[in-house]
Structures are given as C-alpha cells and as structure tokens.
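Asker: Structure of the sequence below:
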Amino acid sequence: SQIDLLSAVRDTTPEAIVEEAKGWNTVQLKNALATETEQLVAPIRNRYETIIKDPQRVYRILEANELKARATVSETMKVVLKAVGFR
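Answerer: Residues are numbered from 1 along each chain as shown. Alright, predicted model coming up:
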C-alpha cells in the first residue's frame, strides 16, 4: 500500500505514517509519496547524470573491473577443478 511505501521511503513505521496522515485524502498521500521518493532518488539521478556525461570513463571502469573479475574467476576455477578431480 502507499502507506507501506511511504514508510519504507522515510525509513519509519507504517503506524507513524498513519498517525501523520490522519485527515489526508488519497491525493495528499500520493503527493507525499511522490515528493519523498523524488528526494530519495535525486542523489542517484544526479550521480547517473554526471557519470553518463563521460562514457569513456565508464568503459575504462568496466575494462578495469573485467580484468579483476577474470583474475578472480581464474583462481576460483583452479580451486574448483582441483576439488572435483580434474587437476
């Protein structure tokens, strides 16, 4: 329900939202949820907008992490293959 969503966004209890929202209509509850959700995701959106402006940076980060992942997978596979008797 919208009360549960608003309580999650605000990190409070549904009971606290019910108490605060006494006398609110559905539109007021929806508006509060929309406003709070917007405030919650604004930093994420801002960071995304900053990152997406430099796609080359994104590719560099992906490539660097691909190399790290391959090294980890390689070591893990050695352990797995030895454990199952293939090496």
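Asker: and the protein, what are its domains?
Answerer: Taking automatic domain parsing as the reference, the chain has its domains at 1-53, 55-87.
Asker: so which of those domains is the most packed in?
Answerer: When the domains of the chain are scored by mean count of other CB atoms under 10 Å, the highest mean neighbour count falls to domain 1-53 (a mean of 12). C-beta coordinates here come from the backbone N, C-alpha and C atoms, glycine included.
Asker: and the helix-or-strand element of the chain with minimal mean pLDDT, what does it pack onto?
Answerer: Least confident helix or strand of the chain, by mean pLDDT, DSSP states H and E, is helix 55-83 with a mean of 93. With contacts taken as 3 or more CB pairs under 8 Å, 6 or more residues apart in numbering; DSSP states H and E, helix 55-83 sits against helix 26-52.
Asker: Okay, angle between the helix it packs on and helix 55-83 too, please.
Answerer: Our comparison of helix 26-52 with helix 55-83, counting by axes from the mean of the first three to the mean of the last three CA atoms, to 10 degrees, yields an angle of 90 degrees.
Asker: average model confidence for helix 26-52?
Answerer: On average, the pLDDT along helix 26-52 is 97.
Asker: Which neighbouring elements make contact with it?
Answerer: Using 3+ CB pairs under 8 Å, 6+ apart as the contact criterion, the neighbours of helix 26-52 among helices and strands are helix 2-10, helix 55-83.
Asker: Look at residue 87 and report its pLDDT.
Answerer: Each residue has a pLDDT score; the one for residue 87 is 74.
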